[in-house]
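Student: compute the structure for the input listed below.
(one chain, ligands or ions: 3)
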Amino acid sequence: MTKQNVYIETYGCQMNEYDSEILAGILSKTDKYNITDKPENADFILLNTCSVRENAEITIYNRLEHLKYYKKKNKNLVVGIIGCMAERLRKDIFSKSELVKIVIGPDEYRLAPEILQNSMAGSTGIAVRLSRVETYEDIEPLRKEGISAWLAIMRGCNHFCSYCVVPYTRGRERSRSVNSILREIEQLQTEGYKEVTLLGQNVNSYRDEQNQVDFPNLLRKVAQTAPNMRIRFVTSHPLDMSDDLIEAINEYDNICNYIHLPFQSGSNRILQLMNRGYTREHYLKKIEKIKNTLKEYSLSTDIIAGFPTETEEDHKQTLDLIKEVRFDGAFMFKYSPREGTKAYKLNDDIPEEVKISRLNEIIEIQNQISKENNQTEIGKIREVLVEKPSKKKPNEWMGRTKLNKVVIFDNSNAKYNAGDLVMVKINRSNSATLFGEVLE
Ligand code: SAH
Ligand code: SF4
Ligand code: F3S
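Tutor: Residues are numbered from 1 along each chain as shown. Ligands and ions are numbered 1, 2, ... in the order given. Modelled structure (predicted):
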């Protein structure tokens, strides 16, 4: 029997990127499916979706409109919605788009081979049960490239920030066993991977109960297991971020001193309405601990503008916090009400134009700080992990420093390959990128 071609398109966060690799692993392990990167050749197109803001879902509806074109060319094409939007909207998706025949939530990917098979005979398939135990720890992901790997160490979230759909789309927190993680890390190193990013909605909550291993100790073990790999992790929650974690980062050279620590709002009143569980003062204390412990560090964050009832004064406190911490980068969003969350019951009372102007103010200040921070890199020599040609000019390649800064350098003679570690002298910079020359 010829294999069916499956094309998976990923939206949303790194966890979704990883889940697409898990699903590809599950499907390609059977002898029925082949993963393709060409939608025009596909028998199945699966969109791995995000629900975090309304815009993320609008993007998917627009994409479904485009997919009609593929369906016209191939009458047998089956389209599926998987991931967070599948979990949030469940069977309602079928009525929103007649193109969709498959709906699979993030904890049900093991059922995909069977659901795909059945859909070929014309029936619709849905699997959206959330699990308290599923971690896919025995599944070998089908990874796309051989330099940098994602590895989910925990799934789900118990925090229930009042604005956030993730606890509903991803279910409760659960951790993968420490042994299965270390085995996979060892394998990645043997296969020549140079970097691994440990993923979780909340990595600080990682806990292997049986072996009594928490996140800082997991990090230490991972760092020891793969001394030649760069170790990264996202996302940290300020409430659960322990001093021991900061110490662990400091103990190992191969743990990257890059910390993504979302603060969301600088106002204690808004933080409380958001159910974040910490105050501005607590957050700043964690930042101080990072700055005092690590010789070098890079900080990034997430910020939401225009949460219900946010006043100019609250907004100003957010701006002040940005200026006080001086993050290297930030993901900045307008508040988007999500049905089913606690904040949805609050009146979304900040007018759109106010949300936009506050967001723009945040972006402007943060970009200026990013630019100034990057200027301090000029003249330094940094170890860069070579990744790929830059988007703009193919003879210029990009890579990253340990502090997660993107560096562009000349590679006209194709001297450097993906996965190489090179020393680069930084000559110039802007708010997003460093530019330099490789030292021989
Ligand atoms: N698990 C991670 C990421 C969650 S989603 C964490 O807890 O940090 C990524 C970011 O999207 C959040 O940090 C938040 O800043 C933003 N976000 C989540 N829900 C949102 C909403 N309803 N409106 C606007 N931004 C939102
Ligand atoms: Fe969402 Fe909060 Fe959980 Fe992050 S910690 S995933 S923002 S509920
Ligand atoms: Fe989006 Fe789901 Fe990630 S809602 S941000 S894809 S966990």
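
Student: residues in contact with the residue nearest to residue 271 when sequence neighbours are not counted?
Tutor: If the residues on either side of it in the chain are set aside, residue 271 comes closest to residue 265, at 5.5 Å by Cβ to Cβ, 6 or more residues apart in numbering. Backbone N, C-alpha and C define where each C-beta goes, glycine included. Residues near residue 265 by Cβ atoms under 8 Å, 6 or more residues apart in numbering: 271, 274, 276, 303, 304, 307, 310, 314, 317, 318.

Student: can you give me phi and psi for the third one?
Tutor: The reference is to residue 276. With angles defined as degrees, to the nearest 10, residue 276 sits at phi -80, psi -20.

Student: and it, how close does it get to residue 430?
Tutor: 32 Å (Cβ to Cβ, to the nearest Å).

Student: compare these two (neighbour count), which wins?
Tutor: residue 276 (23 against 12; other Cβ atoms under 10 Å).

Student: how about the helices in the stretch 1-150 of the chain?
Tutor: 14-29, 54-73, 84-89, 92-96, 112-120 (DSSP state H, counting those that start in this stretch).

Student: enumerate the residues of the protein near ligand 2.
Tutor: 157, 159, 160, 161, 164, 166, 167, 201, 202, 237 (Cβ under 6 Å from any ligand atom).

Student: how about a cut-off of 5 Å?
Tutor: 157, 159, 161, 164, 166, 201 (Cβ under 5 Å from any ligand atom).

Student: how close does the closest residue to the first one other than its chain neighbours sit to ligand 3?
Tutor: This means residue 157. Excluding the flanking residues, the one nearest residue 157 by Cβ to Cβ, 6+ apart is residue 201, at 4.1 Å. Relative to ligand 3, residue 201 is positioned 6 Å away (Cβ to the nearest ligand atom, to the nearest Å).

Student: correct me, but residue 201 touches residue 152?
Tutor: No: counting by Cβ atoms under 8 Å, residue 201 does not reach residue 152; the two are 9.5 Å apart.

Student: shared neighbours, the two?
Tutor: residue 15.

Student: re the thing from before, phi first, then psi, for the residue nearest to residue 157.
Tutor: Dihedral angles for residue 201 - degrees, to the nearest 10 - are phi -60, psi -20.

Student: could you export the helix or strand hosting residue 318 as PDB, CA atoms only?
Tutor: Taking DSSP states H and E as the definition, residue 318 sits inside helix 312-325. The C-alpha coordinates for helix 312-325 follow below in PDB (Å, rounded to 0.1, in the frame of the first residue of the first chain):
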ATOM      1  CA  GLU A 312      -3.000  55.400  33.200                       C
ATOM      2  CA  GLU A 313      -1.300  55.000  36.600                       C
ATOM      3  CA  ASP A 314      -1.200  51.100  36.300                       C
ATOM      4  CA  HIS A 315       0.200  51.500  32.800                       C
ATOM      5  CA  LYS A 316       2.800  53.900  34.100                       C
ATOM      6  CA  GLN A 317       3.900  51.300  36.600                       C
ATOM      7  CA  THR A 318       4.400  48.800  33.800                       C
ATOM      8  CA  LEU A 319       6.500  51.300  31.900                       C
ATOM      9  CA  ASP A 320       8.500  52.000  35.100                       C
ATOM     10  CA  LEU A 321       9.200  48.300  35.600                       C
ATOM     11  CA  ILE A 322      10.400  47.900  32.000                       C
ATOM     12  CA  LYS A 323      12.800  50.800  32.600                       C
ATOM     13  CA  GLU A 324      14.000  49.500  35.900                       C
ATOM     14  CA  VAL A 325      14.700  45.900  34.800                       C
END
